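K.L.:
Structure for the following, please:
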Amino acid sequence: MVTVRGDRGMSTAEYAVGTIAACAFAGLLFKVVTSGEVQELLVGLIDRALKVAE
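P.N.:
Coordinates of the predicted model:
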């Protein structure tokens, strides 16, 4: 009798591709968050939150 087992986990190549994709996404997210418009938006949001808390 032949037992067929499903793939479990990721192979080394899949880990490499996943790591590269995660790094690319982190780089893109960093560029977006450090842009001037987003920083102004975040600072405004934080200021409003602190004023509400007072």
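K.L.:
which residues in this structure form helices?
P.N.:
With DSSP state H as the criterion, the chain has helices at 12-33, 36-53.
K.L.:
could you dump these to a markdown table with mean neighbour count and mean pLDDT?
P.N.:
All C-beta atoms are positioned from the backbone trio N, CA, C, and that covers glycine. Shown next, in a markdown table, are these (neighbours: other CB atoms under 10 Å; pLDDT from 0 to 100):
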| stretch | mean neighbour count | mean pLDDT |
| --- | --- | --- |
| helix 12-33 | 10 | 93 |
| helix 36-53 | 9 | 91 |
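K.L.:
Using CSV, list the CA coordinates for stretch 24-41.
P.N.:
In CSV, the C-alpha atoms belonging to stretch 24-41 read as follows (Å, rounded to 0.1, in the frame of the first residue of the first chain):
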residue,chain,number,x,y,z
ALA,A,24,10.5,44.3,-0.1
PHE,A,25,7.2,44.9,1.7
ALA,A,26,9.0,46.4,4.7
GLY,A,27,11.0,48.7,2.5
LEU,A,28,7.9,49.9,0.7
LEU,A,29,6.1,50.4,4.0
PHE,A,30,9.1,52.3,5.4
LYS,A,31,9.1,54.7,2.4
VAL,A,32,5.3,55.3,2.7
VAL,A,33,5.5,56.0,6.5
THR,A,34,8.5,58.3,6.2
SER,A,35,7.0,60.4,3.4
GLY,A,36,6.1,63.9,4.4
GLU,A,37,2.4,63.6,3.8
VAL,A,38,2.0,60.5,6.0
GLN,A,39,4.2,62.0,8.7
GLU,A,40,2.0,65.1,8.8
LEU,A,41,-1.1,62.9,9.0
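K.L.:
Name the residues that touch that stretch?
P.N.:
Residues from elsewhere that reach stretch 24-41 (CB atoms under 8 Å, 6 or more residues apart in numbering): residue 42.
K.L.:
For that stretch, what is the distance to the chain centroid?
P.N.:
Centroid separation for stretch 24-41 versus its chain: 11 Å, with CA atoms, centre = their mean, to the nearest Å.
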